[in-house]
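Undergrad: Next comes the sequence, and after it the predicted model I'd like to discuss.
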Amino acid sequence: MKKLAVLAGFILLFLQACEKDSTGVNASGKSGSITRFAIHQGYMYVLNLNEVRTYSLQNPDQPVLVNRLQTNYGLETIIIYDNTIYLGSSTALYILDISNPAAPSILSQTNRDVEFFGGCDPVVVKGSYAYSTVKIIQNVCGFVSAQSALLVYDVSDKSAPVHVGTYSLGLPNGLGYKDNYLFVCDDGTDRLEIFDISDPLALTPLGNYSVDITDPYDLIVEGSKMIISTKTDFQIFDLQNLPEVKRTGLILK
């Protein structure tokens, strides 16, 4: 009975996170940071390894391909923040303009040092700063990096992002934030690592508040709840007393 109650709460959380635009298509439902498609203003953006494909959802039952934007090889993750697309790739952070949502265009592309070539490379953005993780071993994206880290970029000028911080990690995966706290799934340490990002130019690792989790992969933050996906389960956390996070439920996969 308790497990069913937790599952019901899990489903309710996701339903509450979903809103519909005029097309009837989910336009703002929450997803993790490791995702290869996103929806915005009646269009769906899907990543190929070297292009962004745009589909019109005017008729949601019959999506129509309306644009193909070529990039370098290695696209891996996509998010939309402040009417802008951010792409994580094996070699760079891309920023795309979607003022015309039917035809995204590249505003900028970072240059990543060779020691940070790799994947997967999820990205989240808060205000004028983007946070991205890279990891050292071959993984599902098929690439290898020489160093694992959390990278911080100043994206106040979207046409010229600047790398402003590097923080070593084990094997980081997905990430997300609430208020001034950034959460990173670190498969290398089997922990949820927590950073104070009050000063984006000097993040503070909060090791005393990190949480032991076996094989954490990705996470979703919605309101005062956080759901972490591992290889074997979904773990639910309460975020009402940050930086402390409290595990409140678990659902086996």
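TA: Arrived safely, thanks for sending. Numbering: from 1, shown residues only.

Undergrad: any chance you could map the helices in this structure?
TA: For the chain, applying DSSP state H gives helices covering 2-16.

Undergrad: Which residue, neighbours along the chain excluded, lies closest to the residue nearest to the spatial centre of it?
TA: Closest to where the C-alpha atoms of the chain average out (Cα atoms, centre = their mean) is Ser33, at 1.9 Å. With sequence-adjacent residues excluded and distances taken as Cβ to Cβ, 6 or more residues apart in numbering, Ser33 is closest to Pro122, at 3.6 Å. For glycine as for every other residue, the C-beta is placed from the backbone atoms N, C-alpha and C.

Undergrad: Likewise for Gly32?
TA: Once flanking residues are discounted, Gly32 sits nearest to Asp218: 3.7 Å by Cβ to Cβ, 6+ apart.

Undergrad: Am I right that that neighbour is in contact with Lys231?
TA: No: using Cβ atoms under 8 Å, Asp218 is not in contact with Lys231; the gap is 11.1 Å.

Undergrad: List of residues touching stretch 180-192?
TA: Here stretch 180-192 makes contact (Cβ atoms under 8 Å, 6 or more residues apart in numbering) with 124, 131, 133, 135, 148, 150, 169-177, 193-198, 203, 206, 210-219, 221, 226, 228, 242-243, 245.

Undergrad: Of those residues, which count as buried by neighbour count?
TA: For the contacts of stretch 180-192, a burial check counting by 16 or more other Cβ atoms under 10 Å picks out 124, 131, 133, 135, 148, 150, 169, 171-177, 193-197, 203, 206, 210-211, 213, 216-219, 221, 226, 228, 242-243, 245.
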